[in-house]
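A.B. asks: fold the following, please.
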Amino acid sequence: MATTPFDITVRGGRIATDREELRADIGIRGGVICAIEDKLPAGLQDIDAAGRWVLPGGIDSHVHIEQLSGMGKMSADDFYSGTVSAAFGGTTTIIPFAAQHRGKRIPEVVADYAQRAREKAVIDYGFHLILANPDEEALGHELPQAIRDGITSVKVYMTYDPLKLDDYQLLDVLALAGREGALVMVHAENHDMIRWIAQRLLARGHTAPKFHAVAHDALAESEAGHRAIALSRLIDVPVLLVHVAGAETVELVRSAQRLGSKVYAESCPQYLFLTADDIDAPGMEGAKFCCSPPPRDPRSQEAVWAGLKDGTLGLYSSDHAPYRFDASGKLPRGDATTFKEMANGVPGIELRMPLLFSEGVMGGRLTINEFVAVTATNHARMYGLAHCKGNLAVGLDADLALWNPEREVTVGTAMLHDAVGYTPYEGKRLRGWPELVMSRGRVVVRDNALQVARGSGRYIPRRSPDAVLPPAGTAPASRLPAMLGLQGKAWPTL
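C.D. replies: Numbering: from 1, shown residues only. The predicted structure is shown next:
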């Protein structure tokens, strides 16, 4: 160990990773963790972590920031307010979407989002690509180049007219991803089921927000999830189901994993802490709780908790989709807005980790190691960031947060740093809060104040993903990849 002082020594904290707990100091130099040992020499700056958990900075791998929706609505948060809000909640890296809309070429989409983020972000970030136009140019040149440039994940939709791909197109995207070493993320809902129910609801005058949850029936989620898994199995390419909401879908993923299928899944705060009953609020208030898939019921909440606990759901993201409660977002026609006209999505980037820490760790539903895994470490492995992010280890970026487990906070809109103007978790009492947040050795948040400048975050090109979960079974291997000359990437297991 070098004799020169560390830039920073984090002293006397209770450190947790995804696999262990220890009491030690952390020495940081040049923005990187250089030592984790007992009684390290003083740094140029010492941070007293006594009585605090020292945890890896969170990675939120599913956020919509400064993004135009398929309905033409711009999200409320730009890359400044979105990343500031993330940092105050203990998150030090985000992976938002560069969203292609039909008629747009991938290079111009990526360049546009990169410029916006570069000017405003205060923490580090990567990008996923939303692919809406998988034409010959996109699949033959543009997408492979984007993957090689560090955008190693692609999101596709099985619903929404402006975005949805058919099964044939999904197979094309999966095949390319397998060849290039990228991950396909799928929004899995059966478009025609939802459309069929919605048309009949509207014809009967059922327009209130609560009917959003009726139209997006749980069977629409589980059917599309089953189909996405079948397509991935056909050509032996991994797939990740995003924002899993329903109990049946959790069990679908669990069963597929037991058979050895390469299927991974995430869930989000709204499926742990909200239900369809929240959408059934007076007037248009229920619109504040509308997202797709919608929150379900207590049985589904318990299934999601169980999935996070046993590893079926390896990732916990916010799916932060921030729209204001006015004509710019949720209510384009005021009180006359139907459930089909509202912008879909709920905010959650700042409360993602505090909600889970309070109810999961302090509530005894998750160990501290499980919390770290689903909020940080698994994201780094799944999305090609494990070489620099997601854990506390020598050689990794000094991204960390000091959590006070005894601090009690009552959630209120005024305390949050996003630009949405409401929170679906208003009034909820939480125990545990991140009081100091550090990104690459820079103190980003301290004493409830931002310490860094706009645009000081960095773009992180990502590597090919690693599988988060070992296969629990041996599904019969498809012969098609060899017959069709598909050379897929071998995904390691942990």
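
A.B. asks: mean pLDDT per helix and strand in this protein: which one sits at the bottom?
C.D. replies: helix 480-484 (a mean of 72; mean pLDDT, DSSP states H and E).

A.B. asks: for residue 281, see how far away residue 422 is.
C.D. replies: 12 Å (C-beta to C-beta, to the nearest Å). (C-beta placed from N, C-alpha, C; glycine too.)

A.B. asks: looking at the two, which is more packed in?
C.D. replies: With neighbours defined as other C-beta atoms under 10 Å, residue 422 and residue 281 compare such that residue 422 has more, 18 against 15.

A.B. asks: report the secondary structure state of the more buried one.
C.D. replies: Following DSSP: H, G, I helix; E, B strand; the rest coil, we place residue 422 in the coil state.

A.B. asks: need the pLDDT of it.
C.D. replies: Note on residue 422: pLDDT of 98.

A.B. asks: ok, residue 22 - contacts?
C.D. replies: 14-15, 36 (C-beta atoms under 8 Å, 6 or more residues apart in numbering).

A.B. asks: near the residue lying closest to residue 69 once chain neighbours are set aside, how many other residues are there?
C.D. replies: Closest residue in space to residue 69, ignoring its immediate chain neighbours: residue 343 at 6.0 Å, by C-beta to C-beta, 6 or more residues apart in numbering. By other C-beta under 10 Å, the residues close to residue 343 number 26.

A.B. asks: for residue 343, give its distance to residue 92.
C.D. replies: 28 Å.

A.B. asks: ok, back up a step: what are the buried residues along the least confident helix or strand of the chain?
C.D. replies: residue 481 (16 or more other C-beta atoms under 10 Å).

A.B. asks: same deal with stretch 47-54?
C.D. replies: In stretch 47-54, counting by 16+ other C-beta under 10 Å, buried: 47, 49, 52-54.

A.B. asks: distance of the residue nearest to residue 275 when sequence neighbours are not counted from residue 56?
C.D. replies: Distances taken as C-beta to C-beta, 6+ apart put residue 295 closest to residue 275, at 5.0 Å, once the chain neighbours are dropped. Distance, residue 295 to residue 56, by C-beta to C-beta: 28 Å.

A.B. asks: residues near residue 285, how many?
C.D. replies: 14.

A.B. asks: give me the neighbour count for the closest residue to it other than its chain neighbours.
C.D. replies: Using C-beta to C-beta, 6+ apart and skipping residues adjacent in sequence, the residue nearest residue 285 is residue 209, 7.8 Å away. When neighbours are defined as other C-beta under 10 Å, residue 209 has 25 of them.

A.B. asks: quick one: contacts for residue 209?
C.D. replies: 279-281, 284-287, 289-290, 339, 342.

A.B. asks: how about 7 Å then?
C.D. replies: Applying C-beta atoms under 7 Å, 6 or more residues apart in numbering to residue 209 gives the contacts 279, 284, 286-287, 290, 339, 342.

A.B. asks: reformat these as CSV; add neighbour count.
C.D. replies: Formatted as CSV, those follow (neighbours: other C-beta atoms under 10 Å):
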residue, neighbour count
279, 25
284, 17
286, 22
287, 24
290, 26
339, 25
342, 24
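
A.B. asks: where in the stretch 301-450 of the chain is pLDDT low?
C.D. replies: Along the stretch 301-450 of the chain, the model assigns pLDDT under 70 to no residue.

A.B. asks: where exactly do the helices run in it?
C.D. replies: Taking DSSP state H, counting those that start in this stretch as the test, the helices found in the stretch 301-450 of the chain are 352-356, 368-372, 378-382.

A.B. asks: now the last one, how far from the centre of its chain.
C.D. replies: Averaged C-alpha coordinates place helix 378-382 at 11 Å from its chain's average position (C-alpha atoms, centre = their mean, to the nearest Å).

A.B. asks: what does the first one give?
C.D. replies: Shown here is helix 352-356, whose average C-alpha point lies 13 Å from the average C-alpha point of the whole chain (C-alpha atoms, centre = their mean).

A.B. asks: what does the second one give?
C.D. replies: The gap between where helix 368-372 is centred and where its chain is centred comes out at 16 Å by C-alpha atoms, centre = their mean.

A.B. asks: for the spatially closest residue to residue 241 that is not a sequence neighbour, which three-state class applies?
C.D. replies: Nearest residue to residue 241, sequence neighbours excluded (C-beta to C-beta, 6+ apart): residue 265, at 4.5 Å. Per three-state DSSP, the local secondary structure of residue 265 is strand.

A.B. asks: counting neighbours, what do you get for residue 265?
C.D. replies: Residues near residue 265, counting by other C-beta under 10 Å: 28.

A.B. asks: wait, it touches residue 313, no?
C.D. replies: Yes - with contacts counted by C-beta atoms under 7 Å, residue 265 reaches residue 313, the gap being 5.1 Å.
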